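Peer 1: after the sequence you'll find the predicted model.
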Amino acid sequence: MTFGARLHNLMGERGPLCVGVDPHPSLLSAWGLPDTADGLERFCRTVVTAIASEVAVLKPQSAFFERHGSAGIAVLERLVAAAREQGALVLMDAKRGDIGSTVQAYADAYVDPASPLCSDAVTASPYLGFGSLRPLLDAAAAHGNGVFVLARTSNPEGGAVQEARTSDGRNVAVSMLAQAAVENAGIEPLGSVGCVVGATLGGLGSLGIAQGDLLINGPLLAPGIGAQGAAVSDLPRIFGAALPLVMPSVSREVLRAGPDGAELRASTFALKAQVNEMLIE
Ligand SMILES: O=C(O)c1cc(=O)[nH]c(=O)n1[C@@H]1O[C@H](COP(=O)(O)O)[C@@H](O)[C@H]1O
């Protein structure tokens, strides 16, 4: 089954909330854990036990594992396996991008089942050109996995690049959305090439993005809720008719509830309820 189909089904069963696994040093400390690979392992075990059977997608942020070197990567490998055992899809937040020949190696690492880091999907930066991601898009499709391409990121600096105009007059973010839509054209029930559009953006009009540009027939990852200042209630204004494609993504706002597993679960349920309510309205 394709990633898009698996995600579509699971979003229907569990709701669209994606929880990010971002073991910041400050969070490890707040949880009473050491800033070591062992601390990381215990952090991940708690998160998986508490919520991996409740959310559609867990999104580990690779950087927080990489900073612990090979021992951290080993923890990440175990996290991927444990989360999937609980039925969650894993979106590896690695934001990789390079020339095509190197992107092939990232494809081997993140979307090929022969790799211990293979995930259901991976985030990718298209800022060496959308076409440079071709080996990753092709490998993901061949293995039934997905790719999330950065379009308009949640950080304030993103606009300087992503709102720049391309030679055809569209802005860069819209051009990325349009190219993702081409990849997903005609695929039922949902394509496997997602885009990232921050939940922090206020109104799209001022960004040169029309709501119709968001109808890419693929998932829209919307980070920025909680710690970056956006709220679930901002989503309808930003996404409008594209709301059914949106996966709101939250890391610190949920993780702060730890280390108690029951509180972590309660914080996740509270956010899931907010998201479901917003979808019904
Ligand atoms: O690809 C992402 O997930 C991402 C894209 C983006 O535009 N903004 C963004 O914050 N993220 C990631 O989403 C997570 C946000 O974490 P919190 O701000 O703690 O919820 C981090 O891991 C970011 O790297």
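Peer 2: Nice, thanks for sending it over. Residues are numbered from 1 along each chain as shown.
Peer 1: which parts of the stretch 101-250 of the chain are strands?
Peer 2: In the stretch 101-250 of the chain, the strands defined using DSSP state E, counting those that start in this stretch lie at 121-124, 146-152, 193-197, 220-223, 246-250.
Peer 1: which positions in the second one come out as buried?
Peer 2: I take that to be strand 146-152. Buried residues in strand 146-152, counted by 16 or more other C-beta atoms under 10 Å: 146-152. Yep, even glycine has a C-beta here, placed from its N, CA and C like the rest.
Peer 1: residue 5 looks like it's in a strand, true?
Peer 2: No. Membership of residue 5 in a strand is not supported by DSSP: H, G, I helix; E, B strand; the rest coil, which gives helix.
Peer 1: now do the contacts for it.
Peer 2: If you count contacts by C-beta atoms under 8 Å, 6 or more residues apart in numbering, residue 5 has them with 189-190.
Peer 1: distance check, it against residue 165.
Peer 2: Using C-beta to C-beta, to the nearest Å, residue 5 is found at 36 Å from residue 165.
Peer 1: how about the helices in this protein?
Peer 2: Per DSSP state H, the chain carries helices over the ranges 3-14, 25-30, 37-51, 63-66, 69-85, 100-110, 134-142, 159-162, 172-184, 235-239, 252-255, 261-280.
Peer 1: how about the residue in the stretch 1-150 of the chain that the ligand sits nearest to: what's its closest non-neighbour residue?
Peer 2: For the stretch 1-150 of the chain and the ligand, the shortest gap (C-beta to the nearest ligand atom) falls at residue 61, measuring 3.8 Å. Spatial nearest neighbour of residue 61, excluding adjacent residues (C-beta to C-beta, 6 or more residues apart in numbering): residue 22 at 4.3 Å.
Peer 1: neighbours of the one you found, just the number please.
Peer 2: Using other C-beta atoms under 10 Å, residue 22 has 20 other residues around it.
Peer 1: so what's it up against?
Peer 2: If you count contacts by C-beta under 8 Å, 6+ apart, residue 22 has them with 60-61, 64, 251-252, 255.
Peer 1: greatest separation within those: which pair is it?
Peer 2: Largest separation among the contacts of residue 22 by C-beta to C-beta: 60 and 252, giving 13.9 Å.
Peer 1: these two: which has the busier surroundings?
Peer 2: Under the neighbour definition other C-beta under 10 Å, residue 60 and residue 252 were set side by side, and residue 60 has more, 26 against 15.
Peer 1: next, the contact list for the more buried one, please.
Peer 2: Residue 60 touches 20-22, 44, 76, 79-80, 83, 90, 92-93, counting by C-beta under 8 Å, 6+ apart.
Peer 1: turn the strands of the stretch 101-250 of the chain into a markdown table, including distance to residue 140.
Peer 2: Output for these, formatted as a markdown table (distance: least, C-beta to C-beta, whole Å):
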| stretch | distance to residue 140 |
| --- | --- |
| strand 121-124 | 7 |
| strand 146-152 | 5 |
| strand 193-197 | 8 |
| strand 220-223 | 15 |
| strand 246-250 | 17 |
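Peer 1: is it possible to get TSV of those strands that adds mean pLDDT and distance to the ligand?
Peer 2: Output for the strands of the stretch 101-250 of the chain, formatted as TSV (pLDDT from 0 to 100; distance: least, C-beta to the nearest ligand atom, whole Å):
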stretch	mean pLDDT	distance to the ligand
strand 121-124	98	4
strand 146-152	98	6
strand 193-197	98	5
strand 220-223	98	4
strand 246-250	97	5
